[in-house]
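Trainee: Provided below are the primary sequence and the corresponding predicted coordinates.
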Amino acid sequence: MSTLFVAWQAPGPTRAWFPIGRLDASVEENDYVFQYTQGALQARESAGFSPLLAFPEFGRRYEASELFPLFKNRILEPSRKDFAEYLNWLDLDPAHADPIEILSLTGGERQTDSLEVFPQVRKMVDGTISCRFFLHGLRHVSDAARARADALTEGDTLQVAIEVNNPATGYAVQLQTEDCHLIGWAPRYLVNDLRAALLEHSTITATVRRINRVGAPFARRVLIELQGGVPAGFEPMTSREYSVLPV
């Protein structure tokens, strides 16, 4: 099964994010399970989070034979005439793309709520991790950096660096060109695990996998693949906030 986590952003000045739920999905088997995580309790205690209307009880295992509306409504309808272009931006094959893959790349972003979804990063048997995401923050970098980003080509290698004083998040993961232009950041959900891995001298690299220029918004311009070896004892996304609540 594939796994997505749901993050909730607190209102107010902190705007902190918490992983509050977990979706396990098998599209082929029509099997979908949602459960809240320990992060939901942390969010309730520190920021007043209440259960989502779609899932009103914390200690319950929700099961369905089709994707829950909360997630389905965050995907562009296949009947839309721009659906093929949408999948093209995501570098997905229309013949094989499934809703979980789509959500993994888009984050299921909506203007009407404070939720975001992201994929579980798993360590492979060879001791490596790999994930794809769109470059964040391109609209917030300098004009020179945006011009450098416009000059990227597919296959270009990017440097990965930990930022310790980001004004919005504190720690952040920067992505820089080989000639040292900061062009953006990795998603926030990767920060803690990548920081821990890099402090253990992991060999994490990033590669440009797709460039979308004509018609694409900033959030869909540069598709990145991040991969590399991590320490033997390192397991991403296994901290307490990611563990599901008991039923």
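Mentor: Nice, thanks for sending it over. Numbers count the residues shown, from 1 in each chain.
Trainee: Show me where this structure has its helices.
Mentor: Ranges of helices in the chain, per DSSP state H, are 38-47, 69-72, 83-89, 99-106, 143-150, 191-199.
Trainee: Please identify the most buried of those helices.
Mentor: helix 99-106 (a mean of 20; mean count of other CB atoms under 10 Å). (Glycine included, C-beta is placed from N, CA and C.)
Trainee: same question for that one, mean pLDDT?
Mentor: Across helix 99-106, pLDDT averages out at 94.
Trainee: That helix: how far from the chain's middle?
Mentor: How far helix 99-106 lies from its chain's middle: 9 Å, per CA atoms, centre = their mean, to the nearest Å.
Trainee: Which elements pack onto it?
Mentor: Judged by 3 or more CB pairs under 8 Å, 6 or more residues apart in numbering; DSSP states H and E, helix 99-106 is in contact with strand 2-9, helix 69-72, strand 115-119, strand 128-134.
Trainee: can you tell me which of these comes nearest to A232?
Mentor: strand 128-134 (11.8 Å; CB to CB).
Trainee: tell me the angle of that closest one relative to strand 115-119?
Mentor: Strand 128-134 and strand 115-119 are oriented at 140 degrees to each other (axes from the mean of the first three to the mean of the last three CA atoms, to 10 degrees).
Trainee: now the helices of the chain as TSV including distance to E241?
Mentor: What follows is these, written out as TSV (distance: least, CB to CB, whole Å):
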stretch	distance to E241
helix 38-47	4
helix 69-72	20
helix 83-89	31
helix 99-106	19
helix 143-150	32
helix 191-199	9
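Trainee: Which helix or strand in this structure has the lowest average pLDDT?
Mentor: Here the helix or strand of the chain ranked lowest by mean pLDDT, DSSP states H and E is helix 191-199, holding a mean of 86.
Trainee: what's in contact with that helix?
Mentor: Helix 191-199 is contacted from outside by 121, 129, 160, 162, 169, 171-173, 186, 204, 228, 230-231, 234, 236-237, 239, using CB atoms under 8 Å, 6 or more residues apart in numbering.
Trainee: Against R146, how distant is T128?
Mentor: The spacing between T128 and R146, counted by CB to CB, to the nearest Å, is 31 Å.
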